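**Q** Model the structure of this input:
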Amino acid sequence: MHSLTILLAGATLAVGTAAIAQAPAPAAAAAPALAAGATVYDPTGAEAGTVDSINGDLVVVSTGTNKISMPKASFGAGAKGPMVSVTKAQIDAAASQAAAQQTAALKSALVVGASVKGSSGSPVGTVKSIAADNVVVQSAKGPVAVPLNAFSAGAGGLMIAMTAAEFETAAAAATASATPQ
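**A** Now for the predicted structure:
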């Protein structure tokens, strides 16, 4: 299952904007009942997904294929319950498009010599080599093999899914376990 953050507001969804523009927007005045497990409906009354969780102003909606984050302001009160102005198919199409863009950005950023930052933005090392499922990051503690799925690319460059401190701890543990005793 893909898990992405996609911000949807009215007719600003990247795919199917013409179809979205024709759909009625969620009722702005009524506050929808948003809670984990609640079914979310599209403007036609069809199920668009289920509320997976709520974190501050973001609501994670699962379509069964994808999980996306949407701002609470994207929801209105519909006849059956919480409603969004897009269909399940449009949500899944946008999630697939975003996943493809993220994959392309990662492939572009993940090159030998690239700087790698931790999730808080602090540097952890540089890419030493790339294999099918692992990337070797040269850190101050030595080379560390990291699963490919731990990397992402964004505005800050190539990032790993842990802080620099967590990476240093993992690198030290990996170096210690690799040392013959």
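
**Q** Please enumerate the helices of this structure.
**A** For the chain, applying DSSP state H gives helices covering 17-22, 88-109, 164-178.

**Q** helices or strands up against the second one?
**A** Looking back up the chat, that one is helix 88-109. Helix 88-109 sits against strand 2-5, strand 47-55, strand 66-71, strand 151-154, strand 157-160, with contacts defined as 3 or more C-beta pairs under 8 Å, 6 or more residues apart in numbering; DSSP states H and E. Every C-beta, even on glycine, is put in place using the N, C-alpha and C of the backbone.

**Q** Recalculate using a threshold of 10 Å.
**A** Applying 3 or more C-beta pairs under 10 Å, 6 or more residues apart in numbering; DSSP states H and E, we find helix 88-109 packed against strand 2-5, helix 17-22, strand 39-41, strand 47-55, strand 58-62, strand 66-71, strand 151-154, strand 157-160.

**Q** can you give me how far it is from the chain middle?
**A** Here the centre of helix 88-109 is set off from its chain's centre by 10 Å, with C-alpha atoms, centre = their mean, to the nearest Å.

**Q** Among the helices of the chain, show the one with the smallest mean pLDDT.
**A** Ranked by mean pLDDT, the helices of the chain end with helix 17-22 at the bottom, a mean of 31.

**Q** Residue 59 and residue 51 touch, don't they?
**A** Yes - if you go by C-beta atoms under 10 Å, residue 59 and residue 51 touch, sitting 5.9 Å apart.

**Q** Redo the helices of the chain as JSON lines? Include distance to residue 118 and mean neighbour count.
**A** Compiled in JSON lines, the helices of the chain are given as follows (distance: least, C-beta to C-beta, whole Å; neighbours: other C-beta atoms under 10 Å):
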{"stretch": "helix 17-22", "distance to residue 118": "37", "mean neighbour count": "13"}
{"stretch": "helix 88-109", "distance to residue 118": "15", "mean neighbour count": "16"}
{"stretch": "helix 164-178", "distance to residue 118": "4", "mean neighbour count": "15"}
